[in-house]
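> here's my sequence, what's the structure:
(chains A and B)
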Amino acid sequence: MSVIAPRKALSLGEIAREQGVVIIIALLLLGLSFASDSFLTPRNLLNIFNQSAPLAIMASALTLVIIGGGFDLSTGAIFGVAAVTAGWIAIHVDPYLAIVAGPLIGLVLGTVNGAIITAFGVHSFLVTLATSLVYRGIAILMTDGKLIPVRIAEFAWLGRTKMGMVNVAVIVMLVFMVLMMFLLNRTTFGRAVFAVGGNEEAAILSGIRTRLIKILTFALSGAAAGLAGVITVSRISMAEPQAGAGLEFEAIAAVILGGTSIMGGAGAVWRSVAGVLLMALIGNGFNILNVNPFFKDLTTGVIIVIAVALAASGRRR
Amino acid sequence: MKKLVLAALAGTMLVPISALAQSDKPVRVAFLAASSQNGYNDATWQGVQQAAAELGNVEAEIFDGQFNASVQFSQVEDIIASGRFDAIVVAPNDTVGIATALEDAVKAGILVGSVLFPVGPDLTVMEPQVPGLTVTVAQNPKTGAIAQAEAVAEFCKDKDPCNTVMFMGQKIYPFDNLRYEAQMEVLSQHPNIKILATGEGNYSPDTSLAAMSDILQAHSEVDVVVGTADQHLAGIEIALEDAGLEIEPIYLIGGGLNQITVDAIRAGRYDATLSQNPKSEGYLAAKALIEVARGGTSPTWIDPSASIENPLIVTTDWLKAHPEFTAEWEG
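Residues are numbered from 1 along each chain as shown, chains lettered A, B, ... in the order given. The predicted structure follows:
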């Protein structure tokens, strides 16, 4: 006779860590719905998803990097390189090729990050800080610091076309998020990512090729940044070398907001995407309510502190 | 006695400059760009180089301020310490903070000219706020903002209400607040002009797109959008299109007069933009400093808009009448 062990009830701390970001989103949704009739409409909610798509893609892949014990400060710069390269290719070669080229360039640059980190044993924080300067320099050199207008219908397809009410970019974001969730939770690779981030020495002793796992996480992060860059250029029909500047911090903030441990070994992709949506909700609410922008940063900061504190309290208990 | 000593000291420091008037030594000009990787600053640098080439025997060098006030401050200190330059053209990242460093440069006998903004606490005072500053080549920021608002008032004169969305760069920037307040002062005199919302564009098409998309969720009827910068219009236009609004009847006015915007106005997508002339600014500032270094004189304030062919607000009609016109910077 088999005995099924009863599932252990989650403690308040665990609920705070697991669902903190969802609770805050729910409270924000409620508050903003009362504050403005324009907020809780399908059009506005889709608008929020559409605006968040590039950052959500970056945060999804970055989650794997951080769970694996790494840190990627170069995603904003990779976003910039991919953006200007895609813009150039769209104008001078082929618009469809440009859409494919962005993620591929990101994949290569991310692989370079991973290769340097593992080859020299330097902390990923330092390596990606350095490569971000190199990559941003490449983007600026490619354009001379100028904007590149890319008003090509075939290229704008990715960023601006809708399928029904939903933007293609949102569908791409959802597909990418599900792919990252699948990789992390349903494959050997995903289990290895958790193992490397949780205890690298134990992972090595278990026969996991930790270097390869790390390189793969950075490659995915780079590809995601490249894809995000292409979506953005395609949407605004303008490639700019400074595109994506600061986005790396927003992506990191979203991942941490989602309760992923900055020490590695624990986290979830969907919660990082929820972190992105939380930040987007704040911006959207402020714009709709026409509130003084000074309060936006203040509110965003306070909410991040609350969410991070909730997640930390969950880990302490 | 103290004054005598200071005067003697100042006289000694000025020797290298006045000596240039009689010598064959080149005039060495440093251009402190707010950022060297920026289209506007690149055009200013082209203007500096043009003045150097025209006047001859001038060595010009660019410094990258990286949009960082501290970096630019250090660059001034380095220039003073090195003694390598006779003149500085600065596009200030921080108009107040850089003042003390530039004062030291003036005391060290280096000629200083400012472009785009005046240096000092008051952005509307174009006469030198730093003692000894040779020239400011800039337009009073209020003048342009008022001209933009007056263009809106003219468009709105037969509309009631005239639903208007304002876009500023960032509320943390003093010059953005100054422009915004000047615009609102004019617009508030027209009761038919209804300000629906004010967005922050942060001089980025992407940020402007997101902000305008949000604003359109609450306000679907828009007659006018005022962007501080042309970069804002690029994002605003996409947001309007995505919301299914017809662009042509909406009055879109920006600021900067780059070539991308000129092309968009000619194509009928935008309506007008505030003229800014970075190449002229660089040219006029460098020319003034070089001439003073060679014993000549210069006015302490040069308004670049006085020496250019286009009007302050460049419109579709004006561009139609001037098909040969090209902007001073690409964008």
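> run a quick neighbour tally on the residue in the stretch 201-317 of chain A positioned nearest to chain B.
Going by CB to the nearest CB, chain B is nearest to A:N287 of the stretch 201-317 of chain A, at 3.3 Å. C-betas here are computed from N, CA, C, even on glycine. Neighbour count of A:N287, defined by other CB atoms under 10 Å in any protein chain shown: 24.
> with the one 4 residues further on instead?
Counted with other CB under 10 Å, the neighbours of A:V291 add up to 13.
> one more: A:M238?
Neighbour number of A:M238 under other CB under 10 Å is 25.
> go on, the one 5 residues further on?
Other residues within reach of A:A243 by the criterion other CB under 10 Å amount to 28.
> so where does the nearest residue to it once chain neighbours are set aside fall, helix or strand?
Closest residue to A:A243 apart from its sequence neighbours, by CB to CB, 6 or more residues apart in numbering or on different chains: A:A83 at 4.4 Å. If you go by DSSP states H and E, A:A83 is part of helix A:75-92.
> what mean pLDDT does stretch A:286-298 have?
Averaging pLDDT along stretch A:286-298 gives 82.
> give me the residues contacting that stretch.
Applying CB atoms under 8 Å, 6 or more residues apart in numbering or on different chains, the external contacts of stretch A:286-298 come out as A:32, A:35-36, A:38-39, A:44, A:282-283, A:285, A:299, B:170-172, B:196-200, B:210-211, B:214-215, B:217-218.
> does stretch B:280-293 come close to chain A?
No - Stretch B:280-293 does not reach chain A (CB under 8 Å from any CB of the partner chain); its nearest approach is 15.2 Å.
> can you give me the buried ones in that stretch?
Buried positions in stretch B:280-293, judged by neighbour count with 16 or more other CB atoms under 10 Å in any protein chain shown: B:280-293.
> tell me the phi and psi of B:Y251?
Dihedral pair for B:Y251: phi -80, psi 120, per degrees, to the nearest 10.
> geometric centre of the chain: which residue is closest?
This is for chain A. Centroid check for chain A by CA atoms, centre = their mean gives A:A59 as the closest residue, at 1.5 Å.
> other chain: chain B
Geometric centre of chain B, nearest residue: B:L116, 3.5 Å, by CA atoms, centre = their mean.
> hmm, that residue is touching B:L284, no?
No - look at B:L116 against B:L284 with CB atoms under 8 Å: they stay out of range, at 11.7 Å.
> buried residues in stretch B:66-82?
Neighbour-count burial for stretch B:66-82 flags B:66-67, B:69, B:71-73, B:75-76, B:79-80 (criterion: 16+ other CB under 10 Å).
> so residue 287 is in which element?
With no chain named, the answer covers chain A. Assigned by DSSP H and E, A:N287 falls within helix A:269-289.
> please refer instead to chain B.
In this assignment (DSSP H and E), B:K287 forms part of helix B:278-293.
> quick check: which helices or strands does that helix pack against?
Under the contact criterion of 3 or more CB pairs under 8 Å, 6 or more residues apart in numbering or on different chains; DSSP states H and E, helix B:278-293 touches helix B:2-22, strand B:27-33, helix B:39-55, strand B:58-64, strand B:87-90, strand B:111-115, strand B:135-137, strand B:301-302.
> I'd like the distance from that helix to the chain centre, please.
Centre-to-centre, helix B:278-293 and its host chain are 15 Å apart (CA atoms, centre = their mean, to the nearest Å).
> one more: stretch B:301-319?
On the basis of CA atoms, centre = their mean, stretch B:301-319 sits 13 Å off its chain's mean C-alpha point.
> residues in contact with that stretch?
Applying CB under 8 Å, 6+ apart, the contact partners of stretch B:301-319 are B:126-127, B:135-140, B:143-144, B:147-148, B:151, B:253, B:257, B:262, B:265-266, B:268, B:271-275, B:277, B:280-281, B:284-285, B:288, B:322, B:325.
> OK, contacts around residue 123?
Chain wasn't specified; assuming chain A. Going by CB under 8 Å, 6+ apart, A:H123 touches A:71, A:117.
> looking at chain B here, not the other one
B:95, B:117, B:141, B:174-175, B:178.
> okay, and which of the residues you listed map to helices?
The helices, defined by DSSP state H, take in B:141, B:174-175, B:178 from the contacts of B:L123.
> can you name the residue of the stretch 101-250 of chain B nearest to chain A?
In the stretch 101-250 of chain B, the residue that lies nearest chain A is B:D214 (3.3 Å; CB to the nearest CB).
> sec struct for that residue, please.
Following DSSP: H, G, I helix; E, B strand; the rest coil, the label given to B:D214 is helix.
> from B:I62, how far off is it?
Distance, B:D214 to B:I62, by CB to CB, to the nearest Å: 39 Å.
> between the two, point out the one with more neighbours.
Legend: neighbour count by other CB under 10 Å for B:D214 and B:I62, higher for B:D214 (27 against 18).
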